[in-house]
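Peer 1: Just a sequence and a predicted model for now, questions to come.
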Amino acid sequence: MNLKIAANTPKHLLLKIILILTSILLLSTCKKSGVSEDKTVAILNANIFDGEQLIKDHTVIIRGNNILSVGGEVPTDAEVIDARGATLMPGLIDSHVHTDISGLHDALLFGVTTELEMTGNWMFWERWQIERRNDIADMRSAGMGITPPGGHPTQYIKLSNNWLLKLFFQYPFVSTPEEAAAFVDKQVAEGSDFIKIIIEDGDTVGTPGLPVIDEKTLVASVNAAHRHGKMAIAHVTSVSGGQRAISAGVDGLAHLFFDQKPSKKFVSDISSSGAFIVPTLTTLSSAFGHSPTSLVSDKRVSSKLSKEWLEALSKNMNVYPQGKLEDAFESVMILHKAGVDILAGSDVSEPIADLGGLAHGASLHHELQLLAKAGLTPMEALRAATSVPARRFGLTDRGRIFPGARADLLLIDGDPLKNISDTLSIRYVWRNGVRQ
């Protein structure tokens, strides 16, 4: 979990001034990595997964930042890319991260063109970079999650590599329904794209006895999010937490509950509510004591990660060793068959051994492999990282390949519809029309 500095109290004013002055210098030297509005690229002979299905056309034309056409004639001025034997698909969307500029950079190396952050704090110069730069993934964020004093995830702050976070950060806790409503108002005013609510007693994450949000404050948080037209997404890891979240009217669960299997009634309640689930099987696997050794040894992964990230990826959290992946797989399939939308997300944050087994970008590919192992078809797994999160998060310009869509694209050497691990065989990535 990466909680960037929140310079929002009087004693942080000096630090804020220093950071602002530094940012002015950085912004003055930061150039936009863009593409000419009339630059045209024709991708020919590709097998095209459009985010929903494999389509008959084999040609996509990019002009500037957008997809000009699917199929049709090739403009005479187009740069031609012969994609014979390769698969073209939408850029991937990781539906659960905690990130920073460096994380966004690494994500894009793996074809993750959008990260959805579930707790974090972004300064204006960071948002400026995300808007201006095309060499990092795009991002949407919940801002800071709603949690009571001493609640999850503040137990992780002492583990962070960010010394500014350790020395200066004060988590903005919420204790009452009134504070929750005011907090949501503030988060939305500061640019939060959705609202994260944390329901966690710590029993499943290795820190039992954590304070948990009360019922009235939980409901008030959900209602405040909806009043602003924002989704309310709940962190849960237990069935009881999930039941509370669904009863309160949340729009999605940021993790799969894994302390026990869900009852038929609970599955029915989730399905009837219309809520989605981001299982984060990669994180569950790490929590259960498994390290992704095959991912670490894969040159398609190791060639793109720093030594620090590779070391973190080789670890595991092992905070819930009694957990069984087979049970998690079964729960995912029960929910999927009940019509619950499954979104692919990793919950990657910082390169820390205690939060090990994860890395930006790479872990979303691991998540796709685990979803397929759980029983989703490769096509269903790919939808979980493209069209489904785009639809659920209102990202109407991405997640699909269609004329007018943002040109966030991934060209794969291989056929991930037959072998899901082929998603790691990346030939090219386009972010907003810019080839990396």
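Peer 2: Looks like it arrived, so ask away. Computed from a predicted structure; not experimentally measured.
Peer 1: only C-alpha atoms for contact and neighbour calcs from this point on.
Peer 2: Will do.
Peer 1: Give the burial count for residue 235, as a bare number.
Peer 2: Using other CA atoms under 10 Å, residue 235 has 24 other residues around it.
Peer 1: do the same with residue 263
Peer 2: Residue 263: 11 neighbours (other CA under 10 Å).
Peer 1: Against the centre of the protein, work out the most remote residue.
Peer 2: Largest separation from the mean C-alpha position in the chain: residue 76, at 38.5 Å (CA atoms, centre = their mean).
Peer 1: and that one, what is it in contact with?
Peer 2: By CA atoms under 8 Å, 6 or more residues apart in numbering, the contact list for residue 76 is empty.
Peer 1: Check whether it sits in a helix, strand or coil.
Peer 2: Secondary structure assignment for residue 76 (DSSP: H, G, I helix; E, B strand; the rest coil): coil.
Peer 1: For it, grab phi and psi.
Peer 2: Backbone torsions for residue 76, taken as degrees, to the nearest 10, come to phi -70, psi -20.
Peer 1: roughly how far apart are it and residue 113?
Peer 2: The gap separating residue 76 from residue 113 is 29 Å, by CA to CA, to the nearest Å.
Peer 1: close enough to count as contact, residue 245 and residue 234?
Peer 2: Yes - look at residue 245 against residue 234 with CA atoms under 8 Å: they come within range, at 6.4 Å.
Peer 1: higher neighbour count, the two?
Peer 2: For residue 245 versus residue 234, neighbours defined as other CA under 10 Å are more numerous around residue 234 (31 against 28).
Peer 1: now for the one helix or strand the more buried one maps to, which elements pack on it?
Peer 2: Taking DSSP states H and E as the criterion, residue 234 maps to strand 232-235. In terms of contacts (3 or more CA pairs under 8 Å, 6 or more residues apart in numbering; DSSP states H and E), strand 232-235 is packed against strand 195-198, helix 215-227, strand 252-253.
Peer 1: For the ones you listed, give me a markdown table that also has distance to residue 342.
Peer 2: Formatted as a markdown table, those follow (distance: least, CA to CA, whole Å):
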| stretch | distance to residue 342 |
| --- | --- |
| strand 195-198 | 18 |
| helix 215-227 | 21 |
| strand 252-253 | 10 |
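Peer 1: which stretch among those comes nearest residue 208?
Peer 2: Proximity to residue 208 (CA to CA) singles out strand 195-198 among the helices and strands packed on strand 232-235, at 14.8 Å.
Peer 1: Break this structure into its domains for me.
Peer 2: For the chain, automatic domain parsing gives the domain ranges 31-89+401-436, 92-397.
Peer 1: Can you list the strands that the strand or helix carrying residue 114 pairs with?
Peer 2: Assigned by DSSP H and E, residue 114 belongs to strand 112-117. Paired neighbours of strand 112-117 in the sheet (DSSP bridges): strand 92-97 (parallel), strand 138-141 (parallel).
Peer 1: Quick check: buried residues in it?
Peer 2: When burial is assessed from 16 or more other CA atoms under 10 Å, strand 112-117 yields the following buried residues: 112-117.
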